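Student: below is the sequence, then the predicted model.
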Amino acid sequence: MSFWSYEEARRSSIDRDSDGEYGQLRRSVMTDVAVHKLGHGTFSTAWLAIDEKTSKYVAIKVAIKVGTADADRTEADILSQLTGNAASYIGSEDKPSLIPVVLRRFDLRGPNGTHPCLVTLPARCSLRDAKEASGSSLFQLDVARSLAAQLVMAVSLVHSQGYAHGDLHLGNLLLQLPSSLNSLSIQQLYAQYGEPEKEPVVRLDTQAASTDPGVPSYAVPSVWLGIQSHEISLGEAKLMLSDFGVAFRPDNKSRFESYTPLVLRPPEAFFEPATPLTFASDIWSLGCVIFELLAHRSLINGFLAPQDEITAQQVELQGLMPPEWWGKWEKRPRWYDEAGKPLSNASDIWTWERRFEQWVQNPRRSRDMETIGEDERDALFQLLGRMLAWRPRERPDVKGVLEADWMTRWALPAYRKAWM
């Protein structure tokens, strides 16, 4: 992937000597100067930059699209609509926005096509990265509650504007950077977090640099600005829901394919592939993510598990699925008889209670962290059981989630405590 600065693209004059990832953005892009690489994914690369007009740090998200020259502009358009139509959610210095606010938009043109770019506020790390960096993979209990409340509020905002997010998981939940970062000069930032390192890009067959104009001469590893999950304080637990590249309007355009990871994917995407997805698909994934915020692992076990193993675990949690689905589940006889009786020993069945004890309570006890009381557990089970109802129409909408007992008595109070 090769990116060129706005001025270089306008002049259509390309200097191969500066054709590395960092060099192509290091010079001024509009009013922003690239400082370091924040990270990359399948469809975009994010850069930390400083706005020369405000002297504040920003993030530049450069979109890519595999197999085509011009990346689509879906995310930029959706974010612009969401933040433009919901001023009360945009936030302030004290209460930042729950979704990325688009500060500017522009295009970069280079050897691989035209790349739409978004300038937004930077993030510290994803919640997935924070958990992976921690030996416990746990958040402090009030932090987990507050993050859950903020996530539900963010999804409420998105749904209220007619969109379903379509890809809820911890990798798309970002921890916002503290405002104190803006007090650091670029030199101070480098002293604290390290300067960008240039790693040569070479061909595997010849070990020589590529002469293809679409391949940069070097790449830059991402900077780590993050923090271990168990070290995040309640005041630092400020969430931002990101990555709206697969968001969709269920009322305007039918979406049949779910892009959510399998362990978080709603069952209707498997059993009813010809039926359009609805807002309820987000509710299923949201319920799974809420559990994962409290636990040290995901609710459904096995990131690389095949669909049928995931379905079997869903039955362990929620009981028999609708009869029309039960009849079309071809590999069902591997786990259950016709009446729904498990073919494995009872010790192999992971119920709600067992997952909760083994994946939430026990890990917290072993690290002298606060555990969940019986009243809260019962309210949590009641909420998650409804959110993971087999039939989409039987799940609560996001307003119903916000009004649930667990949200009003534990999650939202933890969120409000952070702002006291």
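Tutor: Yep, that arrived. These figures come from a predicted structure and were not determined experimentally.
Student: list phi and psi for the residue most central in space within the chain.
Tutor: Most central in the chain under C-alpha atoms, centre = their mean is Asn172, positioned 0.8 Å from the mean C-alpha point. Note on Asn172: its backbone torsions stand at phi -100, psi 10 [degrees, to the nearest 10].
Student: just give the number of residues close to the closest residue to it other than its chain neighbours.
Tutor: Nearest-residue entry for Asn172: Asp243, 4.3 Å, with adjacent residues in sequence omitted and distances by C-beta to C-beta, 6 or more residues apart in numbering. For the C-beta atoms, the positions are set from N, CA and C on the backbone; glycine is no exception. The number of residues packed near Asp243 is 22, by other C-beta atoms under 10 Å.
Student: cool, and the one 4 residues further on?
Tutor: Ala247 is surrounded by 21 other residues when neighbours are defined as other C-beta under 10 Å.
Student: what pLDDT does it get?
Tutor: On the pLDDT scale, Ala247 is placed at 93.
Student: isn't it right up against Asp77?
Tutor: No. Using C-beta atoms under 8 Å, Ala247 makes no contact with Asp77, being 9.9 Å away.
Student: buried set for the longest helix along the chain?
Tutor: Secondary structure of the chain read by DSSP state H shows that its longest helix is helix 141-160. If you call a residue buried by 16 or more other C-beta atoms under 10 Å, then helix 141-160 has these buried ones: 141-159.
Student: what's the neighbour count on Gly226?
Tutor: Around Gly226 there are 18 residues (other C-beta under 10 Å).
Student: nope, Trp410 is what I meant
Tutor: 23.
Student: next one: Arg255
Tutor: 18.
Student: and it, what does it touch?
Tutor: Remark: with contacts taken as C-beta atoms under 8 Å, 6 or more residues apart in numbering, Arg255 is in contact with 164, 166, 248, 276-277.
Student: among those, name the buried ones.
Tutor: Taking 16+ other C-beta under 10 Å as the criterion, what is buried in those is 164, 166, 248, 277.
Student: now do the SS call for the last one.
Tutor: Which is Leu277. coil (DSSP: H, G, I helix; E, B strand; the rest coil).
Student: the closest residue in space to it that isn't next to it in sequence and Ala154, how far apart?
Tutor: Excluding its sequence neighbours, the residue lying closest to Leu277 (C-beta to C-beta, 6+ apart) is Arg255, at 5.0 Å. Using C-beta to C-beta, to the nearest Å, one obtains 20 Å as the distance from Arg255 to Ala154.
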